[in-house]
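Novice: give the three-dimensional model of this entry:
(2 chains)
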Amino acid sequence: MNAVLIVLGVLVLIVILLAVWVIGMYNGLVSLRNRIENAWSQIDVQLKRRYDLIPNLVETVKGYASHESGTLEAVIAARNAGVTASSPQQQAEAENMITGALSKLFALQEAYPTLKADQNFRQLQEELTSTEDKIAYARQFYNDQVRAYNTKIQQFPSVIIANMFNFGQREFFEAEQGSREAPRVQF
Amino acid sequence: MFLVLVGVAFNVLIGYGPAGLVVAVVVAGAMAFTSYWKSDTIALAMSRAQPADEQTYARLHNLVEGLCIASGLPKPRLYVIADPAPNAFATGRNPNHAAIAVTTGLLETMNRVELEGVLAHELSHIKNYDILVGTLAVTMVGAAALLADVGIRALWFGGGRRGGGNSASGPIVLLALVLIAIAPIAAKALQLAVSRRRESLADMSAVEMTRYPPGLISALEKLRANPAVVQSANRATAHMWIEEPVPHRDDTRSASKWTHLFDTHPPLEERIAALREL
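Specialist: Numbers count the residues shown, from 1 in each chain, chains lettered A, B, ... in the order given. Here you go, the predicted model:
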């Protein structure tokens, strides 16, 4: 009678410990997954900030270099393509266009010393440069979080919980197409 | 400074027997706790740091914001010290109560990527809880000094009461004396060794954040080339800065391991070499 009680007690204890362990593991995976969502929204915040800054920049440059309309329009067009992009593929293409158009715009300051000296322009340049940095950092952080999560759901014993509750693999944010390939040099 | 104060307090109190000892321990503990809890306020006041204005120091704020995104840390408060010597330090007991201070000299000397490297180094100190580690190390040193002091007193008074009857314990007493003399020094050396390890760790974490070693390398090279020393820094706060803010000795070329025993930072050459290997 006594022995039965002890065995029963031990079994109950094991079940309780197991439940606590599963709950802890499950909650850990959930918070890792939410961190990925948060990291992703960080990227969006910075992208939006860039879209907001560009019109100001174009207006400022217009005051000094109005006949460089080609460069200015290219920046606006690239920005609008980014805002209206519906697929990640389109978005990546627009981002590339913006980066290229902006570097041409910033190159204008060498030809227009008054533009280069403008306080507003310099402020906007600082803001845009750091926003580009922040976009890159946000993507880096997103990838770090994805790596941590993917590693966790593949590792034993968390892989059991992950499979039980359908925690799927997440995808990395890939570098823009072309930037990974070495440039082809033609002779 | 804190240790000296504790020492003085202890020496005054030890004359009053065991009760004094208890008071001394409590006082020392309270001071260690205060220096940990209020580390940011104290350090910033000591170095005469002013809050960095977001408009004037837009680049500083932007770079730190970017690094915080990369590392997932909350943004620390930012301060500027009016001093032509390029240097920076981080303080605060945890990432939510952290602050970074840079000198105006640093902002003028460093370009964007170099400044980013330095800030990443400071942010790494916050991320790695180096203020906590440093406080623990200092507390250990304090405890060792305290124990040594107790030991000396015990020998002094104990020996006196016994009247020096048994000469057989002579060598043991001598050994104890030597150990008591060495303990605080060894503890201090250990604390500084910990400090140097944390510096190297912060360099590595900084590069993990920026993924760009050349930025920090070239920043450290600029620091090496610049002999200026921060005026408001002293030995007590030396361990917090990115570069040791005390004058460089002349004999660095003939430096053996022993000359660096009491440095708070590894030599810049070693740090640069370690980063180059990445």
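
Novice: may I have the secondary structure class of the nearest residue to A:F106 once chain neighbours are set aside?
Specialist: Leaving aside its sequence neighbours, A:F106 sits nearest to A:Q125 (Cβ to Cβ, 6 or more residues apart in numbering or on different chains; 6.3 Å). C-betas here are computed from N, CA, C, even on glycine. Following DSSP: H, G, I helix; E, B strand; the rest coil, A:Q125 is assigned to helix.

Novice: let me see the contact set for A:Q125.
Specialist: A:L57, A:F106, A:Q109 (Cβ atoms under 8 Å, 6 or more residues apart in numbering or on different chains).

Novice: who wins for neighbours among the residues you listed?
Specialist: Within the contacts of A:Q125, most neighbours by other Cβ atoms under 10 Å in any protein chain shown means A:L57, with 22 neighbours.

Novice: find the nearest non-adjacent residue to that residue, please.
Specialist: Of all residues not flanking A:L57 in the chain, A:L124 sits nearest, at 4.6 Å (Cβ to Cβ, 6+ apart).

Novice: which one is B:L268 nearest to, not counting chain neighbours?
Specialist: Closest residue to B:L268 apart from its sequence neighbours, by Cβ to Cβ, 6+ apart: B:R224 at 4.5 Å.

Novice: if we can go back for a sec, looking at the residue nearest to A:F106 now. What's its pLDDT?
Specialist: Looking at A:Q125, its pLDDT reads 88.

Novice: swap in B:L5?
Specialist: pLDDT recorded at B:L5 is 51.

Novice: just the one 3 residues further on next, same as before
Specialist: Residue-level confidence at B:V8 comes out at 50, pLDDT.

Novice: got it, and B:E54?
Specialist: Reported pLDDT for B:E54: 87.

Novice: what about it, distance to chain A?
Specialist: 12 Å (Cβ to the nearest Cβ, to the nearest Å).

Novice: one more: B:C68?
Specialist: Relative to chain A, B:C68 is positioned 9 Å away (Cβ to the nearest Cβ).

Novice: helix, strand, or coil at residue 146?
Specialist: Defaulting to chain A. Under three-state DSSP, A:V146 falls in the helix class.

Novice: burial measure for it, as a count.
Specialist: If you count neighbours by other Cβ under 10 Å, A:V146 ends up with 21.

Novice: so the residue nearest to B:L268 makes contact with B:R271?
Specialist: No. Applying Cβ atoms under 8 Å as the test, B:R224 and B:R271 come out as separate, 9.4 Å apart.

Novice: between those two, which one's more packed in?
Specialist: Between B:R224 and B:R271, counted using other Cβ under 10 Å, B:R271 has the larger neighbour count: 24 against 15.

Novice: backbone dihedrals for the more buried one, please?
Specialist: Main-chain dihedrals, B:R271, degrees, to the nearest 10: phi -70, psi -40.

Novice: list the contacts of it.
Specialist: When contacts are counted by Cβ under 8 Å, 6+ apart, B:R271 touches B:E199, B:S200, B:D203, B:L220, B:H265.

Novice: one more time with 7 Å
Specialist: Residues near B:R271 by Cβ atoms under 7 Å, 6 or more residues apart in numbering or on different chains: B:S200, B:D203, B:L220.

Novice: helix, strand, or coil at the first one?
Specialist: Spelled out, that is B:S200. What three-state DSSP gives for B:S200 is helix.

Novice: count of neighbours near it?
Specialist: Per other Cβ under 10 Å, the neighbour tally for B:S200 reads 15.

Novice: what's the closest non-adjacent residue to it?
Specialist: Closest to B:S200 by Cβ to Cβ, 6+ apart is B:P266, at 5.9 Å.

Novice: please list the residues of the stretch 101-250 of chain B that sit near chain A.
Specialist: Applying Cβ under 7 Å from any Cβ of the partner chain, one finds that the stretch 101-250 of chain B approaches chain A through B:R211.

Novice: what pLDDT does A:T129 get?
Specialist: You'll see A:T129 listed with a pLDDT of 88.

Novice: how about the strands of the stretch 1-150 of chain B, start to end?
Specialist: Using DSSP state E, counting those that start in this stretch, the strands assigned to the stretch 1-150 of chain B run over residues B:50-51, B:77-81, B:88-91, B:99-103.

Novice: mean pLDDT for those strands: which is lowest?
Specialist: Between the strands of the stretch 1-150 of chain B, the one with the least mean pLDDT is strand B:88-91; it has a mean of 88.

Novice: hmm, who's touching that one?
Specialist: B:39-40, B:43-44, B:98-103, B:106, B:118, B:122, B:125-126, B:131, B:240-242.

Novice: now, which of the residues you listed lie within helices?
Specialist: Among these, the members found in helices (DSSP state H) are B:S39, B:D40, B:A43, B:L44, B:L106, B:V118, B:E122, B:H125, B:I126, B:I131.

Novice: per-residue confidence at the nearest residue to B:I42 once chain neighbours are set aside?
Specialist: Nearest residue to B:I42, sequence neighbours excluded (Cβ to Cβ, 6+ apart): B:S35, at 6.7 Å. Looking at B:S35, its pLDDT reads 71.

Novice: ok, so what distance separates B:L175 from B:L146?
Specialist: 20 Å (Cβ to Cβ, to the nearest Å).

Novice: more neighbours: the two, which one.
Specialist: B:L146 (19 against 10).

Novice: hmm, back to that, what number of residues lie near the residue nearest to A:L57?
Specialist: 20.
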